[in-house]
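Enquirer: Quick one: sequence plus predicted model below, questions after.
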Amino acid sequence: MSCIADTQFLTTRSPDWMHHAFLMSCTVRHRFPGRGRRGMLCTNFPHPTPMSSPDHEFDPDDNFRHAFDDEDDMDLDDTEALVWNLLVLINPGDEETALRQFAAYREAGGDEGVEPDQVLWTLKDAIDWTSGFYVDWKDAESFIDCVNQLAARYAIEIDWGGDTSDEDFLDDTDVPALMATAHDRLREHGYTLWNWNTGGDAYAGWMALRRDDEGMQQLAAVMGVEIRPGSDAF
């Protein structure tokens, strides 16, 4: 197994074998704007490299559900590198926006960094209406407007299957149905619409390149974020 990098990005304090494998089984493409303690982290993930299995059967829920809960397992630079990796994935070809959002994420955390249980919510605020969406369960109009804005960055116009300015159309649909439509249309253009579990009655997510589906799923697992394609809303 190899990783092409100026500096190997690997924390020796993490016992999680999958966390190690994820950080190493890659080829570097984007420099991680870290705090001076780490080098580079990949954003393009190839197919997993064969490796010896652990003694126990791998269960993603057991390994990653509390990925940010134990400070001994993941330090500030580890978390920020994962956040950066996600920002690059959801801003394909637009590293300037990813850097701007990363700066906003860091600023929100201050010198101590973002609290472990606030990582996803802080990230949500940094990307909202540019690279991600977060809408109330019944706010179909805002969902359409936000996803249209996400798609427009890549010159994509979504066919929603009706007149989105028509109140009757909006009354007869809901966010999960619209999300499934957007997911299908974006797949036709080489993108995937993802949604993550907010644990409440809101819907949230982002879009990324279809070819990065496997990398997105791996990254979400390491971060402890439960995601699904937009065709399967939470």
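Expert: Received it, and whenever you're ready, just let me know what you need. Computed from a prediction, not measured in an experiment: that's the story for all the values here.

Enquirer: going forward, measure contacts between C-alpha atoms and count neighbours the same way
Expert: OK.

Enquirer: Identify all contacting residues around stretch 198-216.
Expert: 43-46, 86, 89-92, 131-137, 150, 175, 187, 190-197, 233-234 (CA atoms under 8 Å, 6 or more residues apart in numbering).

Enquirer: I'd like to know which of those are buried.
Expert: In terms of neighbour count (16 or more other CA atoms under 10 Å), the buried residues within the contacts of stretch 198-216 are 43-45, 86, 89-92, 131-135, 150, 175, 191-197, 233-234.

Enquirer: what's in contact with stretch 151-168?
Expert: Contact partners of stretch 151-168, identified using CA under 8 Å, 6+ apart, comprise Glu141, Ile144, Asn148, Phe169, Leu170, Leu178, Thr181, Ala182, Arg185, Leu186, His189.

Enquirer: Can you tell me how far Ala140 is from Asp159?
Expert: 15 Å (CA to CA, to the nearest Å).

Enquirer: okay, these two: which has more neighbours?
Expert: In this comparison of Ala140 against Asp159, neighbours counted by other CA atoms under 10 Å, the higher total goes to Ala140 at 21 against 14.

Enquirer: wait, that one sits on Asp172?
Expert: No: look at Ala140 against Asp172 with CA atoms under 8 Å: they stay out of range, at 10.1 Å.

Enquirer: where does Pro33 land on pLDDT?
Expert: Listed pLDDT for Pro33 reads 73.

Enquirer: ugh, typo on my part, it should be Asp73
Expert: You'll see Asp73 listed with a pLDDT of 50.

Enquirer: re earlier: among the buried ones among the contacts of stretch 198-216, which are located in helices?
Expert: Taking DSSP state H as the definition of helices, the buried ones among the contacts of stretch 198-216 contribute Leu86, Leu89, Leu150, Val175.

Enquirer: quick one, what contacts the third one?
Expert: Taking CA under 8 Å, 6+ apart as the contact definition, Leu150 lies against Trp129, Thr130, Ser131, Gly132, Met207.

Enquirer: Assess the claim that the third one and Asn91 are in contact.
Expert: By that I understand Ser131. Yes: because the distance of 6.6 Å satisfies CA under 8 Å, Ser131 is recorded as touching Asn91.

Enquirer: Which residue, neighbours along the chain excluded, lies closest to Ile227?
Expert: With CA to CA, 6 or more residues apart in numbering as the measure, Trp196 is the residue that lies nearest to Ile227, at 4.3 Å, once sequence neighbours are left out.

Enquirer: wait, doesn't the one you found sit right on Gly224?
Expert: No: with contacts defined as CA under 8 Å, Trp196 does not count as touching Gly224, sitting 10.8 Å away.

Enquirer: biggest strand in the protein, by residue count?
Expert: Once the chain is assigned using DSSP state E, the strand that runs over the most residues is strand 202-209.

Enquirer: so what strands line up beside that one?
Expert: The strands that strand 202-209 pairs with in its sheet are strand 132-136 (antiparallel), strand 191-196 (antiparallel) (by DSSP bridges).

Enquirer: what's around Glu96, how many residues?
Expert: Once other CA under 10 Å is used to define contacts, Glu96 is seen to have 11 neighbours.

Enquirer: Could you shift the numbering so residue one becomes 47, and keep it that way?
Expert: Fine by me, first position is 47 from now on; the one you just mentioned is Glu142.

Enquirer: So for the host helix or strand of it, mean pLDDT?
Expert: Taking DSSP states H and E as the definition, Glu142 sits inside helix 141-155. Along helix 141-155, the predicted confidence averages to a pLDDT of 97.
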